[in-house]
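> Sequence first, predicted model second:
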Amino acid sequence: MRSSLVVVAFSCLASLASLAACSSTSSTSSEATKSTSLPVGRYAFVLDESSVLARIQTSCAKEADPKACLAEIHEEAAREGIRLSIDREGHVVWTSYVLEKDGSETIDLEATIDPRWDGTRLTGEVVGSLTGTKGKTANPKMPGFVVERIDERTIAMDDPQKGRLVFRKSP
């Protein structure tokens, strides 16, 4: 049973669409946008450090077996993550994915971003088409997104509806 709470816990599709208001407007030097300084790699979703956990706990408390409800959502959330990579043109490719129980990867949403990096915050505008299982239903004119580097292993995205979504670097 895939709970709708998991979708709330990690729906980067909505996060990406709604983060335009958080975008930085400061100018960035070309030195700061070099791919070597960007937080590229795979990042696993960390439900316990994300603000959406409080809503999930409240919702699970209303279930017949609150512990089982929360355990199921933790199990699902542990297979979700994002990947940041650099394409040949120097764009950031932002990928929201789910690792299925059989080990395969399902790409929920993938966007190519024209990046602006100030050393702590990665912002930018989506260029090209959105792809993935949710790509056709997403707003094709998504205005931008923000990824904040918390430390060398941790990044976060702030979503006005879900709150702070935290991700930790994975192998």
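Nice, thanks for sending it over. Being a predicted model, the structure only gives us computed values, none of them experimental.
> and A64, what pLDDT?
With respect to pLDDT, A64 scores 96.
> Please apply the same query to I113.
Note for I113: predicted pLDDT of 89.
> which stretches of the chain form helices?
For the chain, the helices defined by DSSP state H occupy 4-9, 12-18, 52-61, 66-77.
> Can you pull out the low-pLDDT segments for the protein?
For the chain, residues meeting the criterion pLDDT under 70 lie at 1-36, 138-144, 160-161.
> Strands along that one, start to end?
With DSSP state E as the criterion, the chain has strands at 41-45, 80-86, 92-99, 105-117, 121-131, 145-151, 154-159, 163-170.
> Let's have those strands in JSON lines, adding mean neighbour count and distance to V52.
Using the backbone N, CA and C atoms, a C-beta is placed for each residue, glycine as well. Below are those laid out as JSON lines (neighbours: other CB atoms under 10 Å; distance: least, CB to CB, whole Å):
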{"stretch": "strand 41-45", "mean neighbour count": "19", "distance to V52": "10"}
{"stretch": "strand 80-86", "mean neighbour count": "20", "distance to V52": "12"}
{"stretch": "strand 92-99", "mean neighbour count": "20", "distance to V52": "15"}
{"stretch": "strand 105-117", "mean neighbour count": "20", "distance to V52": "16"}
{"stretch": "strand 121-131", "mean neighbour count": "18", "distance to V52": "21"}
{"stretch": "strand 145-151", "mean neighbour count": "19", "distance to V52": "16"}
{"stretch": "strand 154-159", "mean neighbour count": "20", "distance to V52": "8"}
{"stretch": "strand 163-170", "mean neighbour count": "19", "distance to V52": "6"}
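> could I get those strands as a markdown table with distance to E72?
Listed next are those as a markdown table, based on distance: least, CB to CB, whole Å:
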| stretch | distance to E72 |
| --- | --- |
| strand 41-45 | 15 |
| strand 80-86 | 13 |
| strand 92-99 | 15 |
| strand 105-117 | 18 |
| strand 121-131 | 29 |
| strand 145-151 | 27 |
| strand 154-159 | 22 |
| strand 163-170 | 19 |
